[in-house]
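Asker: With the input below, show me the fold.
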Amino acid sequence: MKKTVLAAAVLSVTALSAPAAHAQQFINILTGGTSGVYYPLGVAIGKIYGDKISGVKTQVQATKASVENLNLIEQGRGELAFTLGDSLKAAVDGDEEAGFKKKLEKLRTIGAIYPNYIQIVATADSGIKTLADLKGKTLSVGAPKSGTELNARAILKAADLSYKDLGKVEYLPFAESVDLMKNRQLNATLQSAGLGVASLKDLSSSTEINVVSVPKAVVDKIGPPFVSVVIPAGTYTGQKEDVPTAAVVNYLVTSSAVSDDLAYQMTKLIFESLPELANSHVAGKDIKLETAATGSPAPLHPGAIRYYKEKGLIK
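Answerer: Predicted coordinates for the structure are as follows:
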């Protein structure tokens, strides 16, 4: 009798716990350094998903950004990732030099978001005003094989420069680069991020800076996915003029292992929550539904396609 009761209790617990376990979905959001733009946007997205998708638990993970994010998605260690367009193309192509040992075949795009501006900022006392002035100077280019570092290589190459032309190359996150510049231990930093990135705002508020131009001729030499843009005057303290530079579109990427229904909800909530994203960071204001389904080097997820068809963006 006792064995019968015990067996019934076990079955009862199993019956109750199985649906609950099945109902729980986990979304790990892969971002970048906490002083960049990916992280605050990721935190905002995590809250939106947690509040509005039933049975979902979210986590926001700080990472080394694009390259690491894409490899983690391929490994099944994340459900949503921020990435630069050139890094995404390198992942799809299996560019080993960029940090991908093979073609990543599970990557699926949720949508294009805002452009990353290549922002090269030097301390005023370094005397750096142009790309050519970087010769013999110290420059931080972001974490090794990060999207920012890949951008740095592309910009320098198009300007007929290489790391060998620099005095020293530092591979540091945004905030650490700024700390060294404040202490006069680093001349310049290249940061690929949305406009108004916190690290450069912090630097310009305490140190006189020069925002270094990337001329259109240099950008055109690189070609797509790089485009010519302008950093508007007043973006950073002491920046009195518009500064030409390059930009690369960012994407939100998921895995083919994520269900169509979940990917649909993830996509829908991004573009129906744009005011919340704009409030989390100024770069969120540049996210537009009209361009969300365009230009990705990786296929759109079927769940995202369903949403874009509803909105008339895809026939």
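
Asker: can you point me to the longest strand in the chain?
Answerer: strand 107-123 (DSSP state E).

Asker: downstream neighbour of it in the secondary structure list?
Answerer: strand 138-140 (DSSP states H and E).

Asker: That next one - contacts with which helices or strands?
Answerer: strand 168-170, helix 174-182, strand 188-193 (3 or more C-beta pairs under 8 Å, 6 or more residues apart in numbering; DSSP states H and E). All C-beta spots, glycine's among them, are computed from the backbone N, C-alpha and C.

Asker: Which stretch among the ones you listed is buried most, on average?
Answerer: strand 188-193 (a mean of 28; mean count of other C-beta atoms under 10 Å).

Asker: Assign A304 to one of the three secondary structure states.
Answerer: Recorded secondary structure, A304: helix (DSSP: H, G, I helix; E, B strand; the rest coil).

Asker: Can you tell me the SS state at the nearest residue to it once chain neighbours are set aside?
Answerer: Of all residues not flanking A304 in the chain, T267 sits nearest, at 4.3 Å (C-beta to C-beta, 6 or more residues apart in numbering). Secondary structure, three-state DSSP: T267 is helix.

Asker: you'd agree T267 is up against I113?
Answerer: No: the pair T267 and I113 fails to qualify as a contact (C-beta atoms under 8 Å) at a distance of 11.5 Å.

Asker: any weak-confidence spans in the protein?
Answerer: Low-confidence segments of the chain (pLDDT under 70): 1-23.

Asker: same thing but at 80, please
Answerer: Along the chain, segments meeting pLDDT under 80 span 1-24.

Asker: For stretch 163-180, give me every contacting residue.
Answerer: Here stretch 163-180 makes contact (C-beta atoms under 8 Å, 6 or more residues apart in numbering) with 33-36, 134-144, 149, 153, 156, 186-187, 189, 191, 193, 197-200, 202-203.

Asker: what do you get if the cut-off is 7 Å, keeping everything else the same?
Answerer: 33, 35-36, 134-144, 149, 186, 189, 191, 197, 199, 202-203 (C-beta atoms under 7 Å, 6 or more residues apart in numbering).

Asker: And these, which of them are buried?
Answerer: Those of the contacts of stretch 163-180 that meet the buried threshold are 33, 35-36, 134, 137-143, 149, 186, 189, 191, 197, 199, 202-203, by 16 or more other C-beta atoms under 10 Å.

Asker: what's the domain layout of the chain?
Answerer: 24-113+249-309, 114-246 (the TED database).

Asker: and of these, who's closest to K315?
Answerer: domain 24-113+249-309 (7.5 Å; C-beta to C-beta).

Asker: first vs last residue of that closest one, how far apart are they?
Answerer: For domain 24-113+249-309, the separation between the terminal residues is 28 Å (C-alpha to C-alpha, to the nearest Å).

Asker: Equivalent analysis for stretch 220-235, please.
Answerer: End to end - C-alpha to C-alpha - stretch 220-235 spans 24 Å.

Asker: and that stretch, how far from the chain's centre?
Answerer: Centroid separation between stretch 220-235 and its chain, computed with C-alpha atoms, centre = their mean, to the nearest Å, is 17 Å.

Asker: If you count neighbours, what's buried in that stretch?
Answerer: Buried residues in stretch 220-235, defined by neighbour count with 16+ other C-beta under 10 Å: 222, 225-226, 229, 231, 235.

Asker: and these, which of them are in helices?
Answerer: If you go by DSSP state H, the buried residues of stretch 220-235 have I222 in helices.

Asker: show me where the stretch 201-315 of the chain has helices.
Answerer: With DSSP state H, counting those that start in this stretch as the criterion, the stretch 201-315 of the chain has helices at 216-222, 260-271, 274-280, 302-310.
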